[in-house]
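Q: the sequence isn't on hand, but the structure is:
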């Protein structure tokens, strides 16, 4: 790798945080600070302004950051071309996924990929869809997988497959025996929802609006951060919810939950998101190719 000091500086500049850079680089914060100060001493100028627990790049810092971006991209291209000559697929990839995707889709995909390419080190960050898109925009991750539409037209979005959502209830709930429910039926009962920024919450709001019901008319009883937490609350009789059908198969088999179809049906895409212009290492190209094949093979799976 190129100058370690430059790598550390680049990470701090990208995240604008010594603490977050230390976490990402698996270093202590004092070690990160030391590396940056060494680089500042080499250039005989400050690269960061530090005020009120916040940092920003100085003019010199902006210049060094721009050149560092080009240096690391050229270095990655060199590695990629050498590995293409030797047939080697290796390196590190940072993947980000929204909660539903990370828990129910990626384990199989990444497990199969690692079995084929054991020399590729994959790290996975889990957040809601808004968080994952933000990480792609900021180059914190190489590839994101999200469960909601992406508004940023500067990002490349490749739809993988469609996911069907259903209403879930306690088996004794009044809606449990209905063949299907409309938006007006859903807002009559206490509702357990995902947190703000969740792709699931976003598509539910859009479905309600399309059904002629304002999204803010939901009788929200609580907001929870994962499908597992929501399933537990619904199974305990604390309200109803709408979740991906793929997340509730076990609970349906055990009789812990009942599913009710939505009218009109509610589907959403699982999509890959990445930078359009960013240079992609061979490991990234192989992962994208592998993921596309996975999506094609599983396109008809019942969700």
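A: That came through, no problem. On a predicted model such as this, the values are computed, not experimentally measured, just so you know.

Q: just checking, residue 69 touches residue 9?
A: No. Taking C-beta atoms under 8 Å as the definition, residue 69 is not a contact partner of residue 9, at 11.4 Å. (Each C-beta comes from the backbone N, C-alpha and C, glycine too.)

Q: settle it for me: which of these two has more neighbours?
A: Higher neighbour count among residue 69 and residue 9: residue 9, with 25 against 14, using other C-beta atoms under 10 Å.

Q: ok, and the more buried one, which helix or strand is that part of?
A: Residue 9 is part of helix 4-15 when elements are defined by DSSP states H and E.

Q: which other helices and strands does that helix contact?
A: Judged by 3 or more C-beta pairs under 8 Å, 6 or more residues apart in numbering; DSSP states H and E, helix 4-15 is in contact with helix 18-25, helix 29-43, helix 59-86.

Q: which helices and strands sit right next to the longest one?
A: Other helices and strands packing on helix 59-86, by 3+ C-beta pairs under 8 Å, 6+ apart, are helix 4-15, helix 29-43, helix 282-297.

Q: how far is that helix from where the chain is centred?
A: 25 Å (C-alpha atoms, centre = their mean, to the nearest Å).

Q: pairing partners for the helix or strand following it, with directions?
A: Scanning forward in sequence from helix 59-86 by DSSP H and E, the next helix or strand is strand 91-98. When pairs are called by DSSP bridges, strand 91-98 turns out to pair with strand 120-127 (parallel), strand 143-146 (parallel).

Q: pipe those into CSV and attach mean neighbour count per row.
A: Shown next, in CSV, are those (neighbours: other C-beta atoms under 10 Å):
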stretch, mean neighbour count
strand 120-127, 16
strand 143-146, 27
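
Q: ok, now which ones touch the spatially most central residue of the chain?
A: Centroid-nearest residue in the chain, with C-alpha atoms, centre = their mean: residue 97, separated by 2.7 Å. Contacts here follow C-beta atoms under 8 Å, 6 or more residues apart in numbering; on that basis residue 97 touches 105-106, 124-126, 132, 144-146.

Q: could you redo the last one with a cut-off of 6 Å?
A: By C-beta atoms under 6 Å, 6 or more residues apart in numbering, the contact set of residue 97 is 106, 145.

Q: how near is it to residue 195?
A: For residue 97, the distance to residue 195 (C-beta to C-beta, to the nearest Å) stands at 16 Å.

Q: which parts of the helix or strand containing residue 134 are buried?
A: Assigned by DSSP H and E, residue 134 belongs to helix 129-137. By 16 or more other C-beta atoms under 10 Å, the buried positions in helix 129-137 come out as 129-136.

Q: pLDDT score assigned to residue 256?
A: Looking at residue 256, its pLDDT is 95.

Q: avg pLDDT for stretch 66-85?
A: According to the model, stretch 66-85 has a mean pLDDT of 80.

Q: do the same with stretch 174-184
A: 94.

Q: and for stretch 272-291?
A: In this model, stretch 272-291 carries a mean pLDDT of 80.

Q: ditto for stretch 112-131
A: 87.

Q: show me this structure divided up by domain.
A: Split into domains by automatic domain parsing, the chain comes to 4-85, 89-161+269-297, 164-266.

Q: who's the closest residue to residue 269 other than its chain neighbours bridged to?
A: What sits nearest to residue 269 in space, not counting adjacent residues and going by C-beta to C-beta, 6 or more residues apart in numbering, is residue 159, at 4.6 Å. Per DSSP bridges, the residues bridged to residue 159 are residue 271.

Q: distance of residue 247 relative to residue 182?
A: For residue 247 relative to residue 182 (C-beta to C-beta), the value is 22 Å.

Q: more neighbours: which of those two?
A: Legend: neighbour count by other C-beta under 10 Å for residue 247 and residue 182, higher for residue 247 (23 against 15).

Q: thinking again about what came up before, residue 201: which of the helices and strands packed on helix 4-15 is closest?
A: Closest to residue 201 of the helices and strands packed on helix 4-15 is helix 18-25 (C-beta to C-beta; 25.9 Å).

Q: which pLDDT value goes with residue 153?
A: 84.

Q: give me the neighbour count for it.
A: Residue 153 has 8 nearby residues by other C-beta under 10 Å.

Q: mind checking the SS state of it?
A: Recorded secondary structure, residue 153: coil (DSSP: H, G, I helix; E, B strand; the rest coil).

Q: for residue 269, see how far away it is.
A: 16 Å.

Q: turn the strands paired with strand 91-98 into TSV, including distance to residue 210.
A: Shown next, in TSV, are the strands paired with strand 91-98 (distance: least, C-beta to C-beta, whole Å):
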stretch	distance to residue 210
strand 120-127	27
strand 143-146	21
